[in-house]
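In: Could you look at this predicted model? Sequence included:
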Amino acid sequence: MTITIEGLSHTFTTPTGRVPALRDVSLQIRQAEFVAILGPSGCGKSTLLRLLANLLRPMAGHIALDGLTPAQAAATKRIGWMAQHPALLPWYTVRDNIALAQRINPQPQRAVPAVDDLLALVGLSDFASAYPFTLSGGMQQRAGLARTLALGADVWLMDEPFAALDELTRESLTLELLRLWQTFRPTVLWVTHHIQETVRLADRVVVMSRRPGHVHTEKAIGLPRPRDDTAPDFQPLVRELRVALAAQS
Amino acid sequence: MTITIEGLSHTFTTPTGRVPALRDVSLQIRQAEFVAILGPSGCGKSTLLRLLANLLRPMAGHIALDGLTPAQAAATKRIGWMAQHPALLPWYTVRDNIALAQRINPQPQRAVPAVDDLLALVGLSDFASAYPFTLSGGMQQRAGLARTLALGADVWLMDEPFAALDELTRESLTLELLRLWQTFRPTVLWVTHHIQETVRLADRVVVMSRRPGHVHTEKAIGLPRPRDDTAPDFQPLVRELRVALAAQS
Amino acid sequence: MSRLDSTGCALALLIVGATFLGWELGVQFFQAPVYILPAPSRILATLSANASVYALATLITLGEAVVGLLLGILGGVILVSLISLWPGLEQGVMIVAILVKSTPLVAIAPLLTIWLGFGVLPKVVLVAVLTFFPVLVNMLSGIQATEPALLEVFRSWHASQRELFRHVRVPYALPYVFAALKVSGPLALVGAVVAEWTGASGGLGRLMWLAYTNLNLPQLFAAVFILALAGISLYALMVYTERRIVFWQHR
Amino acid sequence: MSRLDSTGCALALLIVGATFLGWELGVQFFQAPVYILPAPSRILATLSANASVYALATLITLGEAVVGLLLGILGGVILVSLISLWPGLEQGVMIVAILVKSTPLVAIAPLLTIWLGFGVLPKVVLVAVLTFFPVLVNMLSGIQATEPALLEVFRSWHASQRELFRHVRVPYALPYVFAALKVSGPLALVGAVVAEWTGASGGLGRLMWLAYTNLNLPQLFAAVFILALAGISLYALMVYTERRIVFWQHR
Amino acid sequence: APSLVPTSPAQPARLSMTFMAGYKPQANLPFVGVYLAQAKGFFEAERLDVTVEHSSGRGEHMQLLTAGKAQVTTQDAGVLLQRRLDPGLPLVSIALIGQRGQQAFVALASSGLKTPQDWPGHTIGYKGTPPPELLALMKANGLNPQALSLVNVGFDPRVLVTRQVDVYPVYKSNEPYLIRQWGYDLVQWDAADYGVPSLGLAYVATEEVVRTNPELLTRFLRASLQGIRYAAEHPDEAVDAVLQYTGPETDRNHMRFMLEAELADAQTDLTRQHGLGWQTREQWQGLADMLVQTGALSKADVASAFTTRLLELAANQARP
Ligand SMILES: Nc1ncnc2c1ncn2[C@@H]1O[C@H](COP(=O)(O)OP(=O)(O)OP(=O)(O)O)[C@@H](O)[C@H]1O
Ligand SMILES: Nc1ncnc2c1ncn2[C@@H]1O[C@H](COP(=O)(O)OP(=O)(O)OP(=O)(O)O)[C@@H](O)[C@H]1O
Ligand SMILES: [Mg+2]
Ligand SMILES: [Mg+2]
């Protein structure tokens, strides 16, 4: 799916006042493009994903997913959103949580990853029949990741999916995800705080400004895949992004 | 406070079976030492902190905090624990959440950081009277951090306190925290997945093995403070720890 | 969901209208005699013909119901506080509470009259006895359902049971308490009516009792309509208050 | 908290024992005549002397109460399902429910007798009418309290209201439903007794009516004791079932 | 509670008491007597302050009487005998207002039932327990209770007109009015007509008050009997007094019907001879024997169940 965002703004009204979260955000994302989003805490990254996933209604501006509004796109059941906090259903086991995603999002036309394969992918095969509240923080996050991947969606809206994971799990999952991405070719929006990760994964990195968030820098990552942290062009890109981000603080 | 952990083991009994989380963990932590803990997801880091904070009772082994059991130590109100998920009270504002920690943990003998200073420190001055559910993930985590710091405790048990923060917020908070640490001289146990951060902060890094977790490597970080990522000894230490961690995967 | 939106209101009117229309037509169609089931139109006519009598009676009953309800709530909250501060008390308190709850009002009413006289006091106490139980049970359930993550924070602070109760358990249980109040509100009215049923000198219960023993069903149902209206008002008040107090839930 | 631990049990025995002892001594001390307040010892003696009579009556009443309760629960759950699937219905349904709830049983009982005869059916229906309301209100509150984070996941999946109801709202509301059942359990017994009070050919309610009109208070209170015991058993059953079903809450 | 307030020697002390009517406010004759004594100042003339309360009729008036919360109440004579025996309430009838029983049995005229002989094969309703009068009536007519189907229907004459039962026990002064009002004709059987002894409502006090405070009861009886006599002469005014207690929304004609029915049963040769409320050993013994025969009572002991001493005092002493 291609995603077009134009002049998008959003302001929250809270019991204590109005909080502008996004201001005039415009982005063009190609079909099967992997876009990473960096930005200071509280700048509106999660809000942006929520708007795309039809969980919030934009207050100004325009969103089109393959020409559809978020509401229409949501109805096609081809949008996969992963929340920042893994919101697993405590009354279902890990396997059932993942299987439920597929049951509610049946994709008769397409192949979707099998539940057991996903459990293996996120390293939770041994915990398939465990209940979420017996998992560690990182394990819960991986279960949430597996649940989102199980949808076999055309758009992946991932909100800090690796935040609670150690470097090594993170790296191995990165590889697995890239494999899945190359198989299913979804369009990916990947919110993260890990600059290195963006360079490892993304076709393009969007750096957002402080709240109210808007697009500050876009940087295409031209490196060939598979990428290597030790490649000569890698660290300069990381440094460049860090500088761009630092301009926000 | 000095912390002595000897032969500590813990196994959870869940609806679906027994999960050994820690096996035979022994650690000696000096008064005012800053110890970082690294380890793969699900290896028992949070469980270790919970045992120290008297939230779980050890099934084998022995814990002493200045010679006290965790229960006795908890009664002295000198233990500060920060959970992996920020568990803020939704019915209180950010300021009230932080102030409540001080009210329930009055420290008549000692100076504790002022609530407004803490709000400024974590960058939430503008959100002092906001309710937790209107905060972004990272903002919630910072509020939780401020609440723990507000205790003015002698032991800081920090469970991935920066996981939801961007690199720059992380770095500036690192500096602030070190300042606080040098003022109040608490003993710190700092669970993180960020290897660089451990080298930036800790006197010693403990690398734990996979579940059931036990101490795999301990590495003293001899670098003088303030530390600099670009110092010649910095990256070799990071690499060394990464290798130690990789041995667990 | 409870928002007073316009479609909700329209639908509510529709449903209530349909209920009354069905009732009216049913009565006409089956030619139900008035001493078996009076038509709503007849009931409303009776109501308006005796408006001042009903107004006075309603005031008396409402007063008893509200005071009794407040007492009942207080009783329930005190019992839950006790249980929360000394959890060992739970089983004993619940057993005695169910014993009290199981005693039919007619069996205690004379005792209350002997102790408290013929005035409104025994009625108020009966209402309290009737309404404390939902508050007790629901608030206890809420208290016991408290999010473990919040409890952990307080335990790590070595907070007292009192602090835990005040800052965590009570706020967490509030939605449960409001559910109880929504049950107890209409219950309090019924309780006041039943209490007046036995020899009160005023109030809707007395009116209903007189009407029933004379099989004057329009008069009986006129009082029922008032009770229902009062019950709905009490319910709406609870819903409104909940929305303001438990603001963190209705984001 | 509800664990059946030994200190809890001991304390429970202590509290219940103290209640009965206070009662017994109070009766002795004030020389309360038996037709005003009988001593527990006297009540227990009556109970054991007429054990078989009470056993039979209890069976009848318990049967009506349990069947009525099940019907009431079903009714409450169906109404909540309707409201959950078509939220616009909420206000209308609640208004009609409160109208039904506000109608005193004595006013409906004869109608039910006329429609359903003298048997157990009208009693069962009365119990259902009495018990559906707490289930309706509590379950609705639970449904409306559902954790927003879980709702968001389902909305992002574009799940239907039915799926949302089944996989999220109902499990989330279960603790609320159990709170309602703990209220409705004893209520069902009281309802069955009230239904039998006039015009039944058996059951505890009839026994109690006969006892009361004969001012035979030991017999009346003997039935109250049975009711309380049955109520406590129902309550304990609910607590036990809740612990098994809502396992994720009692970690 | 009764209290003695000392006043000047010329005037007797003011007394106060509570009268608890044994049922809701309506035109039962013993109630009417009190209502009128209150309204017409007969109590005031006796220097008696009377608080009027009403019972739901479930029996709490007897409990409250024995607890001293009321000094006089009203009770059906048969029930009084039963309660004296079990659970042993110390009740004494101080004046028997209803000289005939209140109960009768009715069927719809359209049912074709003419005499109790026609009952077999039909359903007989009763309120709670089959009344002794019913059993006595059946016995008097040679009917076997086993051959009839008896159902407990509670208070609800509607079951008769909806034909759920064929015969239904009523209070003569009450339900027949309602049923006729709905447009049905009735056949009525009064147990007394078949030689079944029965008595109606009495003013009742406890043995203790009878013993310790005859002055109070005498004044009460004098005033309320005067109220009854006044009601007989001014029925319209009596109904007005009743409506003061029931509220104006009550059916006036219904109360009038009740009043007249009860007045009819209050006046007999006996009362014309000895005065209203008079009672004899024979009356009570006859009732007790009937109750024993029907199993409603285990033994008959009527000697202390009633007293005429207060009636005599009331008749003999001049009004102060
Ligand atoms: N439900 C809400 N109600 C009110 N304000 C909100 C809500 N959600 C977010 N906000 C506000 O909007 C702003 C952006 O929040 P958002 O969650 O999008 O940030 P973010 O970029 O995801 O931050 P983080 O990296 O910390 O997760 C914040 O200031 C936050 O306080
Ligand atoms: N309450 C619990 N009940 C049952 N099992 C538990 C519970 N808490 C933790 N565990 C298990 O104990 C093990 C260690 O969990 P812990 O939370 O300590 O891991 P962790 O090192 O903090 O991981 P992460 O980095 O993912 O947070 C895990 O396998 C987890 O499934
Ligand atoms: Mg976010
Ligand atoms: Mg952890």
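Out: Yep, it's here. Ligands and ions are numbered 1, 2, ... in the order given.
In: Tell me the spacing between the residue in the stretch 1-150 of chain E positioned nearest to ligand 1 and chain C.
Out: Residue of the stretch 1-150 of chain E nearest ligand 1, by C-beta to the nearest ligand atom: residue E:56 (56.8 Å). The way it works is simple: take the backbone N, C-alpha and C, and place the C-beta from them, glycine included. Relative to chain C, residue E:56 is positioned 4 Å away (criterion: C-beta to the nearest C-beta, to the nearest Å).
In: next one: residue A:13
Out: Residue A:13 sits 11 Å away from chain C, going by C-beta to the nearest C-beta.
In: and that residue, which of the three is it?
Out: Secondary structure for residue A:13, judged by DSSP: H, G, I helix; E, B strand; the rest coil, is strand.
In: I figured the residue of the stretch 1-150 of chain E closest to ligand 1 was touching residue C:209, is that so?
Out: Yes - counting by C-beta atoms under 8 Å, residue C:209 is a contact partner of residue E:56 at 7.1 Å.
In: Tell me, how many residues neighbour residue 114?
Out: Going with chain A. 12 (other C-beta atoms under 10 Å in any protein chain shown).
In: Please refer instead to chain C.
Out: Per other C-beta under 10 Å, the neighbour tally for residue C:114 reads 19.
In: Show me where the chain has its strands.
Out: All of this refers to chain A. Applying DSSP state E to chain A gives strands spanning A:3-14, A:17-29, A:34-38, A:60-65, A:79-82, A:155-159, A:187-191, A:204-208, A:215-220.
In: that answer is for a different chain, and I need it for chain E
Out: For chain E, applying DSSP E gives strands covering E:15-21, E:48-54, E:72-76, E:91-96, E:103-108, E:123-126, E:149-152, E:168-171, E:186-189, E:201-206.
In: which of these has the lowest average pLDDT?
Out: Ranked by mean pLDDT, those end with strand E:149-152 at the bottom, a mean of 83.
In: just how off-centre is it within its chain?
Out: Remark: strand E:149-152 is offset 25 Å from the chain centroid, using C-alpha atoms, centre = their mean, to the nearest Å.
In: Kindly report the same for stretch A:132-146.
Out: Centre to centre, stretch against its chain (C-alpha atoms, centre = their mean), the figure for stretch A:132-146 is 16 Å.
In: count of neighbours near the closest residue to residue C:234 other than its chain neighbours?
Out: Nearest residue to residue C:234, sequence neighbours excluded (C-beta to C-beta, 6 or more residues apart in numbering or on different chains): residue C:185, at 3.6 Å. Neighbours of residue C:185 under the rule other C-beta under 10 Å: 25.
In: Name the residues contacting each of residue E:56 and residue C:209.
Out: C:197, E:24 (C-beta atoms under 8 Å, 6 or more residues apart in numbering or on different chains).
In: More neighbours: which of those two?
Out: Neighbour tally, residue E:56 and residue C:209, criterion other C-beta under 10 Å: the higher count belongs to residue C:209, 27 against 19.
In: Quick check, the more buried one in contact with residue E:23.
Out: No - look at residue C:209 against residue E:23 with C-beta under 8 Å: they stay out of range, at 10.3 Å.
In: Can you say which of the strands of chain E is nearest to residue D:165?
Out: Evaluated over the strands of chain E, closeness to residue D:165 peaks at strand E:149-152, with 44.5 Å, by C-beta to C-beta.
In: Enumerate the positions of that closest one that are buried.
Out: In terms of neighbour count (16 or more other C-beta atoms under 10 Å in any protein chain shown), strand E:149-152 has its buried residues at E:150, E:151, E:152.
In: Ok, stretch E:117-130 next?
Out: For stretch E:117-130, by 16+ other C-beta under 10 Å, it's E:118, E:119, E:123, E:124, E:125, E:126, E:127, E:128, E:130.
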